[in-house]
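> Build me a model:
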Amino acid sequence: MVKKPEISIVMNCHNGEKFLVEAVKSVLNQSYKKWELIFWNNSSKDNSEKIFKSFKDKRLRYFYTSKKVSLYVSRNAAVKKARGNFIAFLDVDDIWLPNKLKLQLKKFKDTEVGLVYGKFIKFNKNSLFRKKQFITKKNLPEGYITKELLESYPVGLLTIMIRKKFIKNKQDIFKVKYNYLGDLDFVLRFSLKHKFAAVQECVGIYRQHDNQMQKKNFKLKSVQFSKWYKEIISKKVFGSIENYKLLTEWERFHASLTMVKEKKNLKVLKKIFEYPNNFNKLKLFILFFLPEFISRRLIGET
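Presented below is the predicted three-dimensional model:
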């Protein structure tokens, strides 16, 4: 075990044997070496434990829960075991590129920076068109960027690194009631008080597959998003009227998206026609009329 790790990496796992080897190897292959990996086995019933323990490295720390808990309960528990000055996250189905930690740690030379993120690739081997899709070709915003994040949210959890001292007084950093958008909620709230920096090159690969929790439970995610939206509005978390207009569009689109995914009939089509004229309306028309494998090619994963 590393005596004084600079970075604590949180890896949560529930039956993640399929991709686990690649994920762990992408950590071991980091050019920056002063880290610890906190592996939180959330009651897996597959070979995840055996696979993880096959890696012989003193920087790897193993934890196990006998009873399965929600994802963000598990993430909060893992974060509390962190001993490093910075905390990073990698899920078992994602991959880091070798210089990820090195590039991001440099950004923390600015002592005001509380969170560093970076660009990443979405990878879907089952796609008939583009198997790899870059999250954005534009430069990622930096500074105090709440408004920019509400306009377009390019933050992947696999790219996040947090300065620990900015969160150490919080009992839980993720709200467990938001099991489908806990990191989105955390990042937006964190952006209200802290400066963000970004690595303007790819630092990881986000794997898209049919077994992902959010993909399998898109309706629950939409319902949860609506509840989150109502709470944010009632508590006036984000202040300005302009920010709330952006949030309102988010909520409207998620509700409409769920409606289209559930069924395609004249009533749903009428709702799309009534939708305000913007790019999201075009997305809904594409999703309604075209097969999913084509719509993904045109507008990406939704």
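
> drop to CA atoms for contacts and neighbour counts, all remaining ones
OK.

> low-scoring stretches of the stretch 101-250 of the chain, by residue?
Applying pLDDT under 70 to the stretch 101-250 of the chain flags residues 124-132, 169-170, 209-219, 240-241, 244.

> now do 90
122-137, 147, 150-153, 168-172, 177-181, 207-250 (pLDDT under 90).

> domain ranges for this protein?
Residue ranges for each domain of the chain read 7-207, 217-299, as given by automatic domain parsing.

> and those, which is most packed in?
Highest mean neighbour count among the domains of the chain (mean count of other Cα atoms under 10 Å): domain 7-207, with a mean of 18.

> Start and end of it, how far apart?
Using Cα to Cα, to the nearest Å, one end of domain 7-207 lies 23 Å from the other.

> ok, and what's touching the longest helix out of those in the chain?
Scanning the chain for the longest helix, with DSSP state H as the assignment, gives helix 241-262. The contact list for helix 241-262 (Cα atoms under 8 Å, 6 or more residues apart in numbering) reads 147, 150-151, 218-219, 222-223, 225-226, 229, 233, 238, 268, 271-272, 280, 284, 287-288.

> Quick one: distance of stretch 109-129 to the chain centre.
9 Å (Cα atoms, centre = their mean, to the nearest Å).

> Kindly report the same for stretch 198-208.
Taking Cα atoms, centre = their mean, one finds stretch 198-208 lying 11 Å from the centre of the chain it belongs to.

> what does it rub up against?
The contact list for stretch 198-208 (Cα under 8 Å, 6+ apart) reads 93-100, 103-104, 107, 116-124, 139-142, 158-159.

> Repeat the analysis, applying 7 Å as the threshold.
93-97, 100, 103-104, 116-124, 139-140, 142, 158-159 (Cα atoms under 7 Å, 6 or more residues apart in numbering).

> So which of these sit within strands?
When DSSP state E is applied, these are split such that Ile95, Trp96, Val116, Tyr117, Gly118, Lys119, Phe120, Ile121, Lys122, Phe123 fall in strands.

> Hmm, the first one is touching Ser26, no?
Right, the one you point to is Ile95. Yes - with contact defined as Cα atoms under 7 Å, Ile95 and Ser26 form a contacting pair (5.8 Å).

> what's the overlap in contacts for these two?
By Cα under 7 Å, 6+ apart, Ile95 and Ser26 have no common neighbours.

> how about the helices in this protein?
Assignment of helices within the chain using DSSP H yields the ranges 17-28, 48-53, 71-79, 100-107, 146-151, 182-191, 213-216, 218-235, 241-262, 266-274, 279-289, 292-299.

> roughly how far is stretch 13-24 from the heart of the chain?
Between the centre of stretch 13-24 and the centre of its chain there are 17 Å (Cα atoms, centre = their mean).

> Check stretch 272-282 too.
27 Å.

> neighbouring contacts of it?
Surrounding stretch 272-282, the residues in contact under the criterion Cα under 7 Å, 6+ apart are Phe253, Leu284, Phe285.

> same thing but 10 Å
249-250, 252-254, 256-257, 259-260, 266, 268-269, 283-288, 299 (Cα atoms under 10 Å, 6 or more residues apart in numbering).

> now do stretch 133-142
Outside stretch 133-142, the residues within contact range by Cα under 10 Å, 6+ apart are 113, 115-124, 148-149, 152-156, 195-202, 205-206, 297, 300-301.

> distance of Leu103 from Ile145?
The spacing between Leu103 and Ile145, counted by Cα to Cα, is 20 Å.

> again with Arg75
Distance, Arg75 to Ile145, using Cα to Cα: 25 Å.

> What of Ile173?
Remark: distance between Ile173 and Ile145 (Cα to Cα) = 19 Å.

> what does Val203 give?
20 Å.

> for Tyr62, same thing?
To Ile145, Tyr62 is 36 Å away according to Cα to Cα.

> Next: Asp91.
Using Cα to Cα, we find Asp91 at a distance of 25 Å from Ile145.

> Over to Gly84?
26 Å.

> so can I have TSV of the helices of the chain showing distance to Lys168?
Formatted as TSV, the helices of the chain follow (distance: least, Cα to Cα, whole Å):
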stretch	distance to Lys168
helix 17-28	24
helix 48-53	28
helix 71-79	10
helix 100-107	19
helix 146-151	22
helix 182-191	13
helix 213-216	28
helix 218-235	24
helix 241-262	28
helix 266-274	45
helix 279-289	38
helix 292-299	39
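
> With Met11 as the reference, name the closest of those helices.
Nearest to Met11 among the helices of the chain is helix 71-79 (8.1 Å), distances taken as Cα to Cα.
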